[in-house]
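J.: A predicted structure for the sequence below; I have some questions about it.
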There are 2 protein chains.
Amino acid sequence: MSIETTTRPGVPQVTTGPLPASTKVFRPGVLHPDIRVPMREIALHPSAGEPPVTVYDSSGPYTDPTAEIAIERGLPRLRRSWIEARGDVEEGEGRAVRPEDNGFVSGSHLTPAFPVQHRPLRAKAGRAVTQLAYARAGIVTPEMEYVAIRENLGRAEIRAKLERDGEDFGAAIPDFVTPEFVREEVARGRAIIPANINHPELEPMAIGRNFLVKINANIGNSAVTSSMAEEVEKMVWAIRWGADTVMDLSTGRNIHNIRDWIIRNAPIPIGTVPLYQALEKVGGIAEDLSWEVFRDTLIEQAEQGVDYFTIHAGVRLAHVPLSASRVTGIVSRGGSIMAKWCLHHHRESFLYEHFEEICDILRAYDVSFSLGDGLRPGSIADANDAAQFAELETLGELTKIAWAKDCQVMIEGPGHVPMHKIKANMDKQLAVCGEAPFYTLGPLTTDIAPGYDHITSGIGAAMIGWFGTAMLCYVTPKEHLGLPDRNDVKTGVITYKIAAHAADLAKGHPAARLRDDALSRARFEFRWEDQFNLSLDPDTARSFHDETLPKEAHKTAHFCSMCGPKFCSMRISHDIRAEAQKEGMEAMARKFREGGQLYVPLEWGD
Amino acid sequence: MSIETTTRPGVPQVTTGPLPASTKVFRPGVLHPDIRVPMREIALHPSAGEPPVTVYDSSGPYTDPTAEIAIERGLPRLRRSWIEARGDVEEGEGRAVRPEDNGFVSGSHLTPAFPVQHRPLRAKAGRAVTQLAYARAGIVTPEMEYVAIRENLGRAEIRAKLERDGEDFGAAIPDFVTPEFVREEVARGRAIIPANINHPELEPMAIGRNFLVKINANIGNSAVTSSMAEEVEKMVWAIRWGADTVMDLSTGRNIHNIRDWIIRNAPIPIGTVPLYQALEKVGGIAEDLSWEVFRDTLIEQAEQGVDYFTIHAGVRLAHVPLSASRVTGIVSRGGSIMAKWCLHHHRESFLYEHFEEICDILRAYDVSFSLGDGLRPGSIADANDAAQFAELETLGELTKIAWAKDCQVMIEGPGHVPMHKIKANMDKQLAVCGEAPFYTLGPLTTDIAPGYDHITSGIGAAMIGWFGTAMLCYVTPKEHLGLPDRNDVKTGVITYKIAAHAADLAKGHPAARLRDDALSRARFEFRWEDQFNLSLDPDTARSFHDETLPKEAHKTAHFCSMCGPKFCSMRISHDIRAEAQKEGMEAMARKFREGGQLYVPLEWGD
C-alpha cells in the first residue's frame, strides 16, 4: 500500500512500508523469552468472519512501519547477545581491508566503505561455534527456538483443524515444530541454520527437507553493469516479495565494500562464492589462483558476516575430461574457473586438497557450506551425465568431512534437467549426501525459451521441491541474456514462491493450504480486496483487475471482466446454493447417497 | 523481424510477416500429392555448419510473405476439394441468420456480417463424414497424411540420428509417423483431427497422446469489454506464437458475426461452447434454456464451421448436490449454467438426455466433441473430489455413445489440482474414457498467485502433459482477474509452449530435443542471433539481451552482462578445451576411463 523509499543523500534508497492489509506481529520464545519472531498477519474483510491469515515473513524490519530504517547504520544486531552468552567467541582486530579487496579502485570509483565497522568475532581456540556443534551437544539455541516458532506459522492455534494430505517421498514434516525437533534436524545434518556469528542482524531461518521449502535470490553487480545502491535495494526488494536468502554474486570492482553494505542491512542469510573475489584479486587469471589467496578471501568474508559459502571443491582434476563431450561444457562460473586451474597446473584442486582447512575456518565463524555443483549440466543434452554425478559423489565425501568438523552443509544441484530426469537427482543426492539439504538452481526443463527461464525452471523447481529439495535458487527472465534488474528480481522471486508453495502443498505441509483456502473462499465470496491481499503479489493482482474495472464499486461486484456478470460461474453457484436451500442441498445430497430414485448412485475408484 | 499489419479501412488489422530468420517451407504428400504441409525452417549462422532447424508451424499464411492476406475475404479454402472428392456431402441453403444470433443488436452496434457467405455443407443422408468414420473404413484421408507429415518435423532426414530417451507412461510415440499410423490412432479414438467440413480453410492437425502435445488459446469478448477486430487479431497473434487451436469463448452481443470473422480467417481448429450463445438467445436466463434453442445453436455453429464443441453433458442432476460442500462451488461457466437449469426444473440435463441427437448433428459436419468438465475443481481444496470424478465417469459413458455414432471425442480436465493429485486425474481419465485424448486447463498447482496463474498452471500443465494429456488449454496472467489482452495472450501461449515442449522432451518424443540441442550449441558458441532465433520468443530474448549490450558487436561477444567477460563460464570452457587439446581431452578421458594414476576412477549408480 504505502511504499516508501528513504531519501538521504548518498545513502541507498530502499523500499519500505507494509504490504497491503498486513501487520507485522512478533511471537516471543518460551525457552528464550527475549526472542521476537516476526510473522505477517493479513487482515480480512469483516464480512469474512475469519481471523487474519498468518504467513511467513522474511522481509525484515523494512515492512515494519514502527522500525526506523537507516541504511548507513545497518540493522539492529539482535543476535549479538545470544552469541556472546554462549561464551565461545572472542573479539579481534580482524583482517585489514586491502586495496585488492576492492579491485584496486580509488577516489570517485571506490564505493564508500560502510560507515560503521564492527570488530569481528571468531571462536576461541578449540571451540566450535556452529549450530551443528550446539545441536550435537544437546543445546537448543535461541536460533533454533526462533526457527521453530517461525516455521509453525501460528500452527499451535489451529492444530485441531489441520488435515494432512500429500505425498512427501520419505520426508518427516511434523504436525508441530518444536525447538527440540529443530535441534534434532540440525544435529542429524538434515537441516542447517546459516548464521555467521559476525552477522548478528540476521533473523534465523532453517533450510531442510522437513521445513518449509525456501527460495534464494541472486543479486550482485557484474563488471559490465550495476552499482552498490542498486544491489542494496535489490536485496531489500527481493525479501519484500519473499526471498529467504540472498546470494551476493558480485564480481568486478568494489566487491568488498558492496558486500558490507548488503550484509549490514540484511535480515536474511547472505551467501557468496568466495572464488569470485579471489579471482578478482589475481586480476581475473584463473591460473594465478592459489590456496593462499582463497584462504585470505574466506577469512575476509567470514569476518564480514557471510552466512554461507559456495565452494566448488567437488570439481576434481579427474572430472574435467568427463566434460569433454558435453554440448555446453562447464556452465558454473566457479566450476569452470577451478577446472581451468586444475588443467593448467595439472594438479588436483586446491579446494579439494585443503578441504579440512576450509572446514576449520568455516567452523570458527559458523559459515555454512554450500557445496557447489561446478559440473552441473547447462543444457538438456548434458543432464544427469557422468561429470555431474561424479562430482555429486565427491560432494558426498566432502559432506562427511565437514560434518566431522561440526560444519553445517548443504549441497547445490542442477541446472538444466528434463522432467523425467529430475527425480533421479533428488534420490541420488539423498543417498550419497546423507540427507544434507539439497539446494537446486531450477532445474530448467527445456532450453528453448530464453527470456522465460523463470518459467522453464519454475516447473522443475516445483517438482524437485516436492521431491525433497530444501531451497530453490531462483532464475529470472534475464537468465542467459543479462544481469537482472529490480523487475526481474521480483518476477523471479514470485515465480519461485509459487514453486516453493506448490511443493509445500504437494508434500502435505500441514499449514500450507490455509492460505490457498482463505484466498479461494475470498474468491468465491467476491471479496476482491481479500483476494488481492492474500495473493503473493497484491499490487499486480489489483492492477490487472483494475485495468478493466477500476471503480471502487467493482471491488465488491459479483463478476469481473473475464466473464462478465451473466456468465460468472461463481455468481451462478451462489444462485444454485440459494435455490437448493428451498429443498436443502444437504438433504438432496443425502438422498443421493442413499441411492434414491432421483439421484442415481455412482461409483468411482479411490 | 518484419512485423506488418494490414491497413484497409473497416478491416481488422492483423500481424503478418515471418519470424526472425524463418522461412515457411511446404512438404508435399505422397498418397495425396496436392497437399502442401507447412513447416518453419530457422536458418542458422554459416559458422554453425548446421542445416536449418525445422519446427512445427501453426501460424498459417500470416507468416508467409508470399501469401496475400485479405481478412475481408478469408483464407483460401484448401480442403474444399478434398471434402467434395469423398462424395459424402451436399450443399444446402443452411439456417438463416436471425436477430437473436447477434443478441438483437442492429445499426452501428452490430458487428458487420462477414462479407463472403458460403453455402454450408452437410453429410448426405445416411453418410458419416467424420475422420473417425473414414479411419474405421480404412481410408487414409488427405487430412491424415497432412497430419503425419506435419508431426514428423522432417524426421525422415534425421531418422538415423534420433535417440529415444524419456518416460512415456504407456504412450506409444513412433519413431516415424506414417499416414497409416495416424489413421489407426484416429480409428481407435486415441487421436482426433478436428476439422469441420464447413471449415475448409483449416490446416489439419491432430490431438492425441502419441503426437506432439498441443496447446489451445482462449479468446473472445465478454459483455464487459473487447470487439471483433481485437478478437481476430488475438487469434492471429495466438497462432503466431504457437497456439494449435483457438477457442472463441465470446459471450454478449454480436456473437455470430464475430465468430464468422474468426473462422473464415482461422487456419487452426476453432472451438466454442455453444451453450454460451444459447444462453444469450434466451436473454441470459439459465432456466429458460431448452433443447430446441441448444439444437438450433449447434446447427448454426456447425454450419459456420466450428471444429469442436465443448458440451457439458456430464453435469447431471444427480451430481449437483455433490458440489454443496465445495469451497468454490462450480467454476465452469457451462457447468454452472447446466447445474442451475437442472436444479430449477428438477430434471435431468437436456444435454445428457439428448446426447444421441447431439451426436447425429456433430456427425453430419464432423464437429468433434470436447466433453466439458463442468464440475472441475476451482480450488486446491476441491481437487479430485466426488463431484469431479462422478462427472468424469459420465464422460466415459458418453464417449462410448459418441464413438458408436462415429463422432470424434476429447475429454476436458481440470482445473486447480496440487501436484500430488495430478497423476490420478490422468490415470483415471485414461481408464474410464478409453484413451480418448485428454484436454486440460492447467491445472493450477496453487491458488495464491492471481496475476501469475500462467505460471501456477504452467507447472501443472507440463506435468500432466508428460503424464499423457494431449492438449493443454492455456491460462493467462489475467485469469481470475479480467479478460486477457493481446500481451496476455502472448504470455499465455509462450508459457504453454514451454509446458508442452517440456512434456514432449520428458515423454521422449524422438524429435523434440533437436531444437534444445541446436539452441544450446548456439549458446555455447556465442552465436547470439541463432540463440534468439531458435527461441520460442526471439523478440523478447533479443530485447532482454540488448537492454544492457545493445551494440551489434555484442551479438558475437563471448560474454553477456550477466557475468561479464572474465566470469563467463562458457568462455572459460572454450579455454579449457583449447588447453586440453595440447594433450588431447579425449586422450585424457581415455586415460581416465582406463583408471590411470592421474585420473582416479569413480563409480555411480545408473
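T.: Thanks, I have the structure now. Given the structure is predicted, the values throughout are model-derived calculations rather than measurements.
J.: Can you pull the poorly scored residue ranges out of chain A?
T.: Applying pLDDT under 70 to chain A picks out residues A:1-10, A:222-226, A:582-606.
J.: per-domain residue ranges of it.
T.: Using the TED database, the domains assigned to chain A come out as A:131-513, A:560-605.
J.: quick one: which of those is nearest residue B:313?
T.: The closest of the domains of chain A to residue B:313 is domain A:560-605. By CB to CB, the value is 15.0 Å. Bear in mind the C-beta positions are built from the backbone N, C-alpha and C, glycine included.
J.: So what would you say the end-to-end distance of stretch A:524-537 is?
T.: 19 Å (CA to CA, to the nearest Å).
J.: does it come close to chain B?
T.: Yes. With CB under 8 Å from any CB of the partner chain as the measure, stretch A:524-537 is seen reaching chain B through A:524, A:531-532, A:534-537.
J.: Inside helices: which ones of these?
T.: Counted as lying in helices by DSSP state H, out of these, are A:524, A:531-532, A:534.
J.: quick one: contacts for the residue in the stretch 301-450 of chain A that chain B sits nearest to?
T.: Going by CB to the nearest CB, chain B is nearest to residue A:329 of the stretch 301-450 of chain A, at 3.1 Å. By CB atoms under 8 Å, 6 or more residues apart in numbering or on different chains, the residues touching residue A:329 are A:323, A:336, A:378, B:524, B:569-570, B:573-574, B:576-577.
J.: at 10 Å what do you get?
T.: Taking CB atoms under 10 Å, 6 or more residues apart in numbering or on different chains, we find residue A:329 in contact with A:323, A:335-336, A:339, A:375, A:378-379, A:382, A:387, B:524, B:569-577.
J.: Also residue A:261?
T.: Here residue A:261 is in contact with A:11-12, A:71-72, A:74, A:111-115, A:228-229, A:231-232, A:235, A:248, A:254 (CB under 10 Å, 6+ apart).
J.: run the last query once more with 7 Å
T.: If a contact means CB atoms under 7 Å, 6 or more residues apart in numbering or on different chains, then residue A:261 has A:12, A:114, A:228, A:232 as its contacts.
J.: for it, phi and psi?
T.: The phi and psi torsions at residue A:261 (degrees, to the nearest 10) take the values phi -60, psi -40.
J.: And it, how far from residue B:567?
T.: Distance of residue A:261 to residue B:567, given as CB to CB, to the nearest Å: 21 Å.
J.: now residue A:179
T.: Using CB to CB, residue A:179 is found at 41 Å from residue B:567.
J.: still on that earlier bit, tell me the one of the ones in helices among the residues of stretch A:524-537 next to chain B nearest residue B:47?
T.: residue A:532 (50.8 Å).
J.: just checking, residue A:26 touches residue A:37?
T.: Yes. With contacts counted by CB atoms under 7 Å, residue A:26 reaches residue A:37, the gap being 6.3 Å.
J.: between those two, which one's more packed in?
T.: Neighbour comparison, residue A:26 and residue A:37: the larger count goes to residue A:37, with 20 against 12 (by other CB atoms under 10 Å in any protein chain shown).
J.: Pull the contacting residues for residue A:179.
T.: By CB under 7 Å, 6+ apart, the contact set of residue A:179 is A:31, A:140, A:144-145, A:148.
J.: Of these, which is the most crowded?
T.: Most surrounded of those: other CB under 10 Å gives residue A:144, at 29 neighbours.
J.: C-terminal to the one helix or strand that one maps to, what's the next element?
T.: In this structure, residue A:144 sits in helix A:142-152 according to DSSP states H and E. Next along the chain after helix A:142-152, taking DSSP H and E as the criterion, comes helix A:155-158.
J.: Show the backbone phi and psi for residue A:416.
T.: Main-chain torsions, residue A:416, degrees, to the nearest 10: phi -120, psi 110.
J.: That one touches residue A:443, doesn't it?
T.: Yes. Look at residue A:416 against residue A:443 with CB under 7 Å: they come within range, at 6.1 Å.
J.: out of the contacts of residue A:329, which are inside helices?
T.: The members of the contacts of residue A:329 that map onto helices under DSSP H are A:335-336, A:339, A:387, B:524, B:569-577.
J.: got a winner among the residues you listed for most neighbours?
T.: Neighbour counts for the ones in helices among the contacts of residue A:329 (other CB under 10 Å) peak at residue A:339, which has 33 neighbours.
J.: Contact partners for that residue?
T.: A:315, A:320, A:330, B:576.
J.: Equivalent analysis for residue A:446, please.
T.: Counting by CB under 7 Å, 6+ apart, residue A:446 makes contact with A:380, A:456, B:498, B:501-502, B:505, B:516.
J.: Point out the residues in the stretch 301-450 of chain A that sit beside chain B.
T.: Contact residues (CB under 7 Å from any CB of the partner chain) of the stretch 301-450 of chain A with chain B: A:318, A:320-322, A:324, A:327-333, A:335-337, A:339-340, A:343-344, A:379-381, A:389-390, A:393, A:418-420, A:428, A:445-450.
J.: What residues does residue A:316 make contact with?
T.: Here residue A:316 is in contact with A:348-349, A:352, A:394 (criterion: CB under 7 Å, 6+ apart).
J.: ok, and the closest non-adjacent residue to residue A:475?
T.: residue A:457 (4.1 Å; CB to CB, 6 or more residues apart in numbering or on different chains).
J.: I'd assumed residue A:444 was in contact with the one you found.
T.: Yes. Using CB under 7 Å as the test, residue A:457 is close enough to residue A:444 to be in contact (4.4 Å).
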